[in-house]
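I would like the atomic coordinates for the input below:
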Amino acid sequence: MVRVIEDMFGIAVNPMSQKTDRVRRFTLTTERGMSVSIITLGASIQSVKVPDFNGKLEDVVLGYDDVAGYYRNAGNYFGATIGRVANKMACGRFKLCGKEINVSRNVRDRYHQNGGFIGFDSVIWDVVGVHKDGITLQHISPDGHEGYPGELTTNINFSLNETGCFGMRIEARTKATTVVNLANHSYFNLAGHGAGKEALYQHMLMIKAQKIVDIDQDLLPTGKLMHVRTTPYDFSSLVNLGKRLNQVSGCPLSGFDHHFCVDVSPNRVQLVARVVHPCSGRFMEIHTNQPGLQLITANSLPDNNCGDIPNVGKGGSHYERHGAFSLQTQRYPDAVNHCDFPTIVLNPGQLYDHQVVYRFGACPKRV
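You can find the predicted model right below:
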């Protein structure tokens, strides 16, 4: 039986109302001890505690102990729900129903990223349901916010079960034709959130994808898809992540921030990725109905070898470059400007339905 416990995480100013509001935290816990904590600020995953093969619990998701930590490091988007449109949008404009739409350009006044200056990660979500196995949060994005047309109502149901499956179901409806591409921006390290680069290099990764979205020097899609076979981007079978990171160390990015076109059937929730940390036995599977998966290896976090100012996370842990990974289920980036990409247009009467299940477990030997 899953227990749902609420406590107050802190106080913050909601940018939508400009009023001070409580940031609530809900912790879902199984009888086996696994737990997931969600805070209403950004509908963010603040903690995921998972046992290893000996039963030792470890928090495997990066985050902060208080509201101030999230505000100081807002650009990292740790654990947050990203929207209305995740990832990058070239020049902050696109055509919709024959009209040119201009959204905020929040990166060097050149392009739009992760919903703009005040994206879904920045607002305090409303709690609209507390259930026996989870919670439902809601955010209503006004017509014209950050330039997006149409009032959009988004509900996220977070749930946990005794088999180690943590699920998110994101549903959205609009009052006028708009674009929607939501994602969760959690960073993981299955050895523990503060275990760092050395432990991350031990991880094994599989992504069911034959192609990635080709990008330019600004990480914006060119509109082409690139086959991954015989390249460092080939994760079609379990491969050591550290080996792959070493193979791309000479590239300008020196890491991964790439969108994988995963092999899923339309409207079916299927396995798209598996991550294993052999030393602890912990593994994580990702099942989704989304056609894309963004792999990021924390390339923008401080480099301890260069004397960068530390990013201090939960429990005083220092988060470092290449010390965690993110696997974000979503549709292709900048899809509004590439007609061959799966559409992200949402019309009145249609339901945006984004499902993802993270299945955690532990095995006594390498799997």
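
What residues does residue 268 make contact with?
Residues in contact with residue 268 (C-beta atoms under 8 Å, 6 or more residues apart in numbering) are residue 289. From N, CA and C alone the C-beta is placed, and that goes for glycine too.

If we use 10 Å, what do you get?
287-289, 355 (C-beta atoms under 10 Å, 6 or more residues apart in numbering).

Would you agree residue 100 is in contact with residue 93?
Yes - if you go by C-beta atoms under 10 Å, residue 100 and residue 93 touch, sitting 6.0 Å apart.

quick one, which of those two is more surrounded?
Neighbour tally, residue 100 and residue 93, criterion other C-beta atoms under 10 Å: the higher count belongs to residue 93, 16 against 8.

Can you tell me the closest non-neighbouring residue to the most centrally placed residue in the chain?
Centroid-nearest residue in the chain: residue 185, 2.3 Å away (criterion: C-alpha atoms, centre = their mean). Leaving aside its sequence neighbours, residue 185 sits nearest to residue 77 (C-beta to C-beta, 6 or more residues apart in numbering; 4.0 Å).

ok, back up a step: most neighbours among the contacts of residue 268, which one?
Neighbour max across the contacts of residue 268 (other C-beta under 10 Å) = residue 288, 25 neighbours.

If it is in a bridge, with which residues?
residue 270, residue 356 (DSSP bridges).

per-residue confidence for it?
Confidence at residue 288, expressed as pLDDT, is 98.

show me what contacts it?
Per C-beta under 10 Å, 6+ apart, neighbours of residue 288: 168, 262, 264, 268-273, 327-330, 354-358.

if we go to 7 Å?
264, 269, 272, 329, 355-356 (C-beta atoms under 7 Å, 6 or more residues apart in numbering).

hmm, back to that, check contacts around the residue nearest to the centre of the chain.
Residue 185 touches 77-80, 82, 326, 328, counting by C-beta under 7 Å, 6+ apart.

Could you save those as a markdown table and add columns showing secondary structure and neighbour count?
A markdown table is the format used below for these (DSSP: H, G, I helix; E, B strand; the rest coil; neighbours: other C-beta atoms under 10 Å):
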| residue | secondary structure | neighbour count |
| --- | --- | --- |
| 77 | coil | 26 |
| 78 | coil | 28 |
| 79 | coil | 27 |
| 80 | coil | 27 |
| 82 | strand | 23 |
| 326 | strand | 23 |
| 328 | strand | 24 |
